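J.: test case, fold it:
(2 chains)
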Amino acid sequence: MIRAWVDLWDGRESASSLALVRLLLGLALLGDYLSMGFRGLVVPLLTTGADGGLAPRPGADPSLWQAAVGVGPDAAWWLWGSLVVASSMVASGLFTRASAGVLLLLSAQLADILPAGDRGIDMLSRNVLMILLFAGGGQALSVDALWRRWRGQEPLDVGRWARRLLLLQLVAMYWTAGVQKYAQHWWPWGRFSALWVIWQDWPMSSVAADPWLHTAAAWRFSQLATALTIGWEVSFPLILWFWYLLGTQERGGPLRAWVARWRPDLWYVLLGVVFHLGIAVWLDLGVFPWAMLALYPAFLTPEVWDRLLARGNLSTRR
Amino acid sequence: MADQWARLRAALIAVVVGVHGVAVLPVPHVVRPHELDDPVAQAEVQRWSERLTAVGYDLPPDELGRQVMAWSSWLGRAHRRALSPVRPWFQLTGTGQGWALFANPDTHPSRMEVSVVRSGEQQLVYRRLDPDHARFADELAYRRVRGLYDATSARHRPTAASRRLADWLEQRARSEDPSIDGVILRFVATPLRLPGSRRKAGAPRLRYEVSSRGLR
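T.: Got it, this is the predicted structure:
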């Protein structure tokens, strides 16, 4: 048992999957911070009422940033500027570990200053940045990798544990999101009405005012989408079993043959992509669907990414 | 040496998985009495009570509500206590778990409206997803700003966050038109009626309004 646990996290693999996650997540976060700046929301979101901002007064327990740099507009611009620089560095893979660590801590300060503005996707991003801090992720598709190559050094692989831990995080997230949907609207006895209701939730919907939501087709479609969503989330841990069966093909048997032929794990991933694209279209949740999709390269092995990228003349060693 | 390193890494990952495994447990949030006053929660409790009664557990809605508060409070306390040693780490790094995403869809969603007040006259300038009243739409749609009002939009009285939002909108409006007195923020509940349901939807009604500093 202990040997199996040690083996599960041991070994190295090409860095392409993790590098793609790093690149896409960095870009998603950079886009989110830039969007904050372009809307003129840096000072409003990062200062308190005394400076005309929206953040609560720090009181007796200010965030580290507020204690060290201050609470006024200058401190707000410095924090935002640092977030933009750090997320650019993560995306480009420049001093990857250090920049992932800095971005993680700065993002935590942003959460501390404005807790109401910090959403689940921010916490998930920080969990992933923590993995990048320890594993790197700059071994491919990065400035760090280019630098190594320029100096004539061999490209580096990455610990296999990093991608596996990230996948475990995603499985835990989807499964617990599913089993915590205790409202009856998610279930058959609530007529699978949850998404129809959510699409009309004014603060987060982008289609609540559209009259076609009240057509029979929209209602039926929402019921199907609700059933698929809850079924997909609650059964998501099955993907772990599929991976186990795929990883032990040498033991044979009809179930393993079926999984190898039909790849149900990839169907789960595909449904996830559709799910997040649906959120991007129907709901107005900002970076959420894009940051989630940024983590999806982890679902494919580095060998698959290496083949795909080689076809496009893109070496992952750059 | 390589084997020792592999064992050490596996041990560290076991600790991480253990801590985050406790954090991710699907523990319901602690239900407070005022939350059970909400019509969405009341309908939910009513339906669960009917369902439990149908399968032989006779729990009237009031009793079920009390049980939910007691159990969620106990579970929440136990969960908090279990995680207390790592809370400073979670606080510093902003990491953790908690994925109750869209757990309880709101059947009485609030539509936010903003009116500016000039010489006592109100003028509607913003209503969520209304292209004819779209002043502030870009700023209010940003997810971190939305975080300030989407949770409070289900309440029945102003919160500190909604007051700050009103004050900021006043300042924003005044920068363009110094003659305004202030702004009024309104949250209008729009009850939904599921297709085929016999229940009436009910008319939109004001949940609460909050005036900005210039009007207080």
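
J.: so who does B:Val45 touch?
T.: Contacts for B:Val45 were tallied using C-beta atoms under 8 Å, 6 or more residues apart in numbering or on different chains; they are B:Leu36, B:Pro61, B:Leu64, B:Gly65, B:Val68. Heads up, the C-betas are built off the backbone N, CA and C, glycines and all.

J.: check these one by one and keep those near chain A.
T.: Subset of the contacts of B:Val45 in contact with chain A: empty, counting by C-beta under 8 Å from any C-beta of the partner chain.

J.: and the least confident helix or strand in chain B by mean pLDDT, what does it pack against?
T.: For chain B, the helix or strand with the lowest mean confidence is helix B:33-36, at a mean of 83 (criterion: mean pLDDT, DSSP states H and E). Helices and strands touching helix B:33-36, as assessed by 3 or more C-beta pairs under 8 Å, 6 or more residues apart in numbering or on different chains; DSSP states H and E, comprise helix B:39-54, helix B:61-83.

J.: which residues are contacting it?
T.: Residues contacting helix B:33-36 (C-beta under 8 Å, 6+ apart): B:Ala41, B:Gln42, B:Val45, B:Gly65, B:Val68, B:Met69.

J.: what about the fourth one, how many neighbours?
T.: Other residues near B:Gly65 number 23, with proximity taken as other C-beta atoms under 10 Å in any protein chain shown.

J.: distance of A:Phe38 from B:Leu169?
T.: From A:Phe38 across to B:Leu169, the span is 19 Å (C-beta to C-beta, to the nearest Å).

J.: on that earlier part again, can you redo the helices and strands packed on helix B:33-36 as a markdown table with mean pLDDT?
T.: Output for the helices and strands packed on helix B:33-36, formatted as a markdown table (pLDDT from 0 to 100):
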| stretch | mean pLDDT |
| --- | --- |
| helix B:39-54 | 85 |
| helix B:61-83 | 93 |
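
J.: out of the ones you listed, which is the most enclosed?
T.: Of all the helices and strands packed on helix B:33-36, helix B:39-54 carries the top mean neighbour count, a mean of 16, counting by mean count of other C-beta atoms under 10 Å in any protein chain shown.

J.: any idea how far that one is from the chain center?
T.: Helix B:39-54 sits 21 Å away from the centroid of its parent chain (C-alpha atoms, centre = their mean, to the nearest Å).

J.: what does stretch B:94-113 give?
T.: On C-alpha atoms, centre = their mean, the centre of stretch B:94-113 falls 5 Å from the chain's centre.

J.: pull the contacting residues for residue 114.
T.: Unless you meant another one, I'm taking chain A. A:Leu114 touches A:Leu45, A:Leu46, A:Leu54, A:Ala55, A:Pro56, B:Arg144, B:Gly147, counting by C-beta under 8 Å, 6+ apart.

J.: can you look at chain B instead?
T.: B:Val114 is in contact with B:Leu124, B:Val125, B:Tyr126, B:Arg127, B:Arg135, B:Phe136, B:Leu169, B:Val183, B:Ile184, B:Leu185, B:Arg186, counting by C-beta under 8 Å, 6+ apart.

J.: re earlier: name the residue in A:Phe38 and B:Leu169 with the higher neighbour count.
T.: Taking other C-beta under 10 Å, A:Phe38 and B:Leu169 do not tie; B:Leu169 has more neighbours (24 against 11).

J.: okay but the more buried one is in contact with B:Gly214, surely?
T.: No: if you go by C-beta atoms under 8 Å, B:Leu169 and B:Gly214 don't touch, sitting 10.7 Å apart.

J.: need the overlap of contacts for these two.
T.: Listed contacts common to B:Leu169 and B:Gly214 are B:Val183; contacts here mean C-beta under 8 Å, 6+ apart.

J.: PyMOL command to pick out the buried ones of the contacts of A:Leu114?
T.: One line in PyMOL is enough to select the buried members of the contacts of A:Leu114, burial here meaning 16 or more other C-beta atoms under 10 Å in any protein chain shown:
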select buried, (chain A and resi 45+46+54+55) or (chain B and resi 144+147)
